[in-house]
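Trainee: Dropping a prediction and its sequence here:
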Amino acid sequence: MDPVLDGKIFAGVSNTADGDVGAATRFHYHQDGATIWAEYAGGAVARGYLVGTRFGAELTFRYVHIDTAGETASGRCVSQIVERADGNLEMHETWAWESREGSGVSVVAEVT
């Protein structure tokens, strides 16, 4: 059975240098069937939102945020949900900016 994301909190673990998400960034996830969304903030991100769909262990979404310098940014991401040995979840992500140059990979992990 696929774990439900609703109510789970994730934090940045690793990211490519082009990314704004870091260890201080917290994602608060919601899920209604195949629809997922989250609010996020922390570190370089003042306020952000993502929205997309989930099919099994894969999330596909768009994100938009404003950073602490007041600049807006947007992009797209595909994430794979991975269950760790301790039962907590990670998301292994491949993302690309749409508002500027750059792309990368990142990992976020469930905060318990």
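Mentor: Perfect, I can see it now. Numbering: from 1, shown residues only.

Trainee: so Glu90, which of the three states?
Mentor: strand (DSSP: H, G, I helix; E, B strand; the rest coil).

Trainee: That one and Glu110 touch, don't they?
Mentor: Yes. Using Cβ atoms under 8 Å, Glu90 makes contact with Glu110 at a distance of 7.1 Å. Quick note: C-beta positions are derived from backbone N, CA and C, even for glycine.

Trainee: okay, those two: which has more neighbours?
Mentor: Glu110 (21 against 17; other Cβ atoms under 10 Å).

Trainee: any idea how far Ala11 is from that one?
Mentor: 8 Å (Cβ to Cβ, to the nearest Å).

Trainee: Wait, Asp2 touches Leu59, no?
Mentor: No. In this structure, Asp2 is not within contact of Leu59 by Cβ under 8 Å, at 11.0 Å.

Trainee: Now do the closest residue to Asp67 other than its chain neighbours, the pLDDT please.
Mentor: Counting by Cβ to Cβ, 6 or more residues apart in numbering, Asp67 lies nearest to Ala44, which is 5.2 Å off, once chain neighbours are set aside. What the model reports for Ala44 is a pLDDT of 96.
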